[in-house]
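Enquirer: how would this look folded up:
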Amino acid sequence: MSALASLGRTTLGVLAITAILGLAYPLLVTGLGQLAFQNEAQGSLIRSQGRVVGSRLAAQPFTAKRYFHPRPSATTPAYNAGGTTFANLGPTSPDLEKTLRANAAAIVRLEKPYNPGLGVAGVPVDAVTTSASGIDPDISPAYAALQARRVASVRHLALDRVQALIALATDGRSLGLFGEPAVDVLTLNLALDREQK
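Expert: So this is what the prediction gives:
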């Protein structure tokens, strides 16, 4: 076999594999995703009054007292879904300890007026730590419960009504076995806004 024939077969092979793996396979997977999991394939977008207000997959920076707050963000700028990252600090890192202490003190300052007797020991772990992606949209039921009194007081809503909205925004374990229950912050805050229209 001549070198020219060998080069021709190699080129043909590269083009065939590129067409199959670079074009046909991605188009097939994208098409199947659109058919079987359309919402997820589109980014799990959440709409309110006909416009996109966020994604069920990415946290947003709620800071007003009338809203539930998400976990701290590890991205720069904060809650940047285009540049997810994590804090790569080990458990013995002085920087991590400093950050956790500062975050816990900020939570106590914010929540103590509505939760008398609250101390650092009463602050849930997810209130002071970032998630693996740096933009986790969910908080623990414990962190939601800690914020419930503040939100109810600022919005002049009954605490039991706010707790009922938390329950509606809480997802259980995946397949009833995996993970922990989690509260979607954006869904919960949108429900609060609808409640007061």
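Enquirer: contacting residues around stretch 188-197?
Expert: Identification of contacts with stretch 188-197 by C-beta atoms under 8 Å, 6 or more residues apart in numbering yields 46, 48, 53, 62, 66-68, 144, 151, 155, 157, 161-162, 165-166, 168-169. Where C-beta positions appear, they are placed from N, C-alpha and C, glycine not excepted.
Enquirer: what does the model give the residue lying closest to residue 125 once chain neighbours are set aside for pLDDT?
Expert: Excluding the flanking residues, the one nearest residue 125 by C-beta to C-beta, 6 or more residues apart in numbering is residue 140, at 7.9 Å. If you check residue 140, the pLDDT there is 95.
Enquirer: give me the number of residues near residue 140?
Expert: Applying other C-beta atoms under 10 Å, we find 18 residues neighbouring residue 140.
Enquirer: how close does it get to residue 52?
Expert: 27 Å (C-beta to C-beta, to the nearest Å).
Enquirer: again with residue 115
Expert: 34 Å.
Enquirer: equivalent analysis for residue 104, please.
Expert: Residue 104 sits 34 Å away from residue 52, taking C-beta to C-beta as the criterion.
Enquirer: what's the answer for residue 165, then?
Expert: Noted for residue 165: a distance of 22 Å to residue 52, by C-beta to C-beta.
Enquirer: which of those two has more neighbours?
Expert: Using other C-beta under 10 Å as the criterion, residue 165 and residue 52 rank with residue 165 on top: 24 against 11.
Enquirer: now that one. Nearest residue, chain neighbours left out?
Expert: Spatial nearest neighbour of residue 165, chain neighbours left out: residue 191 (4.9 Å); criterion: C-beta to C-beta, 6+ apart.
Enquirer: next, count neighbours for the one you found.
Expert: Residues near residue 191, counting by other C-beta under 10 Å: 16.
Enquirer: got it, and residue 144?
Expert: So residue 144, with other C-beta under 10 Å, has 28 neighbours.
Enquirer: for it, which non-adjacent residue is closest in space?
Expert: Nearest non-adjacent residue to residue 144 (C-beta to C-beta, 6+ apart): residue 183, at 4.4 Å.
Enquirer: now the one you found: how far from residue 47?
Expert: Residue 183 is 20 Å from residue 47, by C-beta to C-beta.
Enquirer: repeat that for residue 102.
Expert: From residue 102 across to residue 47, the span is 36 Å (C-beta to C-beta).
Enquirer: least trustworthy helix or strand in the chain by mean pLDDT?
Expert: In the chain, no helix or strand scores lower on mean pLDDT, DSSP states H and E than helix 38-41, which sits at a mean of 68.
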